[in-house]
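> I'll drop the sequence and a predicted model, then ask my questions.
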Amino acid sequence: MISGKSPQQALQASMQLARWGEELGYTRYWIAEHHDFPGLTCPAPEVMLPYIGANTSTIRIGAGAILLPYYKPYKVAESFNLLATLFPGRIDLGIGRAPGGSAEVTEALSGQFLQQVWRMPESFEELLHFLHHDFPQEHLYSGVTASPRPIVPPQTWLLGTSGKSAKLAAEMGTSYAFGHFMSEKPGPDIMKSYLESFVPVKQPTSETIVAVSVICADTTEMAEDLALSGYLWRIKHLKGEGKEGVPSLEEAKSYRYTEEEMLMIDDMKKKIILGNPVKVSEELQKLQALYHADEIMIVTITPSYEDREQSYKLIAKECITKN
């Protein structure tokens, strides 16, 4: 959410971004689940996705991610089978295990969150059985259907930032998305472990996405300036501030950063691609080759919705239209 904008405006802008993305040639658009998180507006992707789906026609839409430890697998399967029935061949179900909010929020949502994280492999396997309607005959749920059953089931992705998630995705034979923009782990090695260990249980071949933070502008200097708002937003969040959303560029430029905060910004710069269209395209190609990823997913945080739209347009023109 942009500072000065309402939650309603933020949600409407998210829908509009999906429409622009479809027109520009992007193939997927995902909504994440967060709870009482400064500057983020969507706690329920399954509620937001019908709004986006009804206002688009071809782009795949999905959750990135549904935080499974909070929910019963059957309910998640029902919700996304319903979405896949409404929008055939367009629904992705990304699954994660992160809390998506503070310790107090986690307690408010689920008093047994940690225990559910521990049993994540079992819950994920149960979810897959519900989605594919293939429990063993002797299983308690063999006669239970997650209605409605769509013609094309949701494509299931496991999202993660560690080797644990890659291992589980490989063992269960599902697609895998790695959050490069939010991980300190050796991402290419983790992705390699998934690719080498993949077992074709639910789908015949592996499929991968690497998610990266990107800001593209007419010049690299402009992109670097736009990134300041995102840096300050993260700093404020870590300090328990920033409830109003991503600050303006003027605020980010005039803010007096401490030495510690400057070191934090230096660290953030390692996980973001900034530049003009040619530079961004080159960096994305290098990243895709490094990860051996099938797709790149872009996360863009700017001080205005117009800057965000322009960033996606420039990237599309350089990376999609030319290819």
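Yes, it's here.
> for the closest residue to I301 other than its chain neighbours, give me its contacts.
Using C-beta to C-beta, 6 or more residues apart in numbering and skipping the chain neighbours, the partner closest in space to I301 is G230 (4.0 Å). C-betas here are computed from N, CA, C, even on glycine. Residues counted as contacts of G230 (C-beta atoms under 8 Å, 6 or more residues apart in numbering) are 213, 215, 246, 268, 272, 301-302.
> nearest to S142 among those residues?
S213 (43.6 Å; C-beta to C-beta).
> just the helices in the stretch 1-150 of the chain please.
7-24, 45-54, 73-86, 103-109, 113-118, 120-132 (DSSP state H, counting those that start in this stretch).
> which among the ones you listed is found nearest to M172?
helix 120-132 (6.2 Å).
> counting contacts, what elements does the closest one pack onto?
helix 73-86, strand 91-96, strand 155-160, helix 163-172 (3 or more C-beta pairs under 8 Å, 6 or more residues apart in numbering; DSSP states H and E).
> so which of the contacts of G230 are in helices?
Among the contacts of G230, the residues falling in helices (DSSP state H) are M268.
> who wins for most neighbours among the contacts of G230?
I215 (29 neighbours; other C-beta atoms under 10 Å).
> surely that one and N276 touch.
No - the pair I215 / N276 is not scored as a contact, 10.7 Å apart, by C-beta atoms under 8 Å.
> could the helices and strands packed on helix 120-132 go into TSV alongside mean pLDDT?
What follows is the helices and strands packed on helix 120-132, written out as TSV (pLDDT from 0 to 100):
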stretch	mean pLDDT
helix 73-86	98
strand 91-96	98
strand 155-160	98
helix 163-172	97
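> excluding its backbone neighbours, what's nearest P73?
L127 (3.8 Å).
> correct me, but A65 touches V76?
No - look at A65 against V76 with C-beta under 8 Å: they stay out of range, at 10.7 Å.
> Serialize the helices of the stretch 1-150 of the chain to JSON lines and add fields for mean neighbour count.
JSON lines is the format used below for the helices of the stretch 1-150 of the chain (neighbours: other C-beta atoms under 10 Å):
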{"stretch": "helix 7-24", "mean neighbour count": "16"}
{"stretch": "helix 45-54", "mean neighbour count": "19"}
{"stretch": "helix 73-86", "mean neighbour count": "21"}
{"stretch": "helix 103-109", "mean neighbour count": "14"}
{"stretch": "helix 113-118", "mean neighbour count": "14"}
{"stretch": "helix 120-132", "mean neighbour count": "19"}
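> dump those helices into JSON lines; add distance to K322 as well.
What follows is these, written out as JSON lines (distance: least, C-beta to C-beta, whole Å):
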{"stretch": "helix 7-24", "distance to K322": "13"}
{"stretch": "helix 45-54", "distance to K322": "27"}
{"stretch": "helix 73-86", "distance to K322": "33"}
{"stretch": "helix 103-109", "distance to K322": "44"}
{"stretch": "helix 113-118", "distance to K322": "43"}
{"stretch": "helix 120-132", "distance to K322": "37"}
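> and of those, who's closest to I209?
Short answer: helix 7-24, nearest of the helices of the stretch 1-150 of the chain by C-beta to C-beta, at 15.0 Å.
> which strands or helices does that closest one pack on?
Counting by 3+ C-beta pairs under 8 Å, 6+ apart, helix 7-24 packs on strand 28-31, helix 45-54, helix 305-315.
> quick one: average pLDDT of the first one?
This points to strand 28-31. Mean pLDDT, computed over strand 28-31, is 98.
> tell me what it is packed against?
Using 3+ C-beta pairs under 8 Å, 6+ apart as the test, strand 28-31 ends up in contact with helix 7-24, helix 45-54, strand 60-67, strand 91-96, strand 295-299.
> how about the longest one?
Where contact means 3+ C-beta pairs under 8 Å, 6+ apart, helix 305-315 is packed against helix 7-24, strand 208-216, helix 220-238, helix 277-291.
> save those as JSON lines, and put in mean pLDDT too.
Listed next are the helices and strands packed on helix 305-315 as JSON lines, based on pLDDT from 0 to 100:
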{"stretch": "helix 7-24", "mean pLDDT": "97"}
{"stretch": "strand 208-216", "mean pLDDT": "98"}
{"stretch": "helix 220-238", "mean pLDDT": "95"}
{"stretch": "helix 277-291", "mean pLDDT": "98"}
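> so how far is A32 from the most centrally placed residue in the chain?
Against the mean C-alpha coordinate of the chain, by C-alpha atoms, centre = their mean, the closest residue is G64 at 3.7 Å. Note on G64: its distance to A32, by C-beta to C-beta, to the nearest Å, is 5 Å.
> how about E107?
21 Å.
> next up, the contacts around V105.
35-36, 99 are the contacts of V105 under C-beta under 8 Å, 6+ apart.
> buried ones only from those residues, please, as a PyMOL command.
Buried residues within the contacts of V105, by 16 or more other C-beta atoms under 10 Å, are selected in PyMOL with:
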select buried, resi 35+99
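> in the stretch 101-250 of the chain, which ranges drop under the pLDDT threshold?
Within the stretch 101-250 of the chain, the stretches with pLDDT under 70 are 242.
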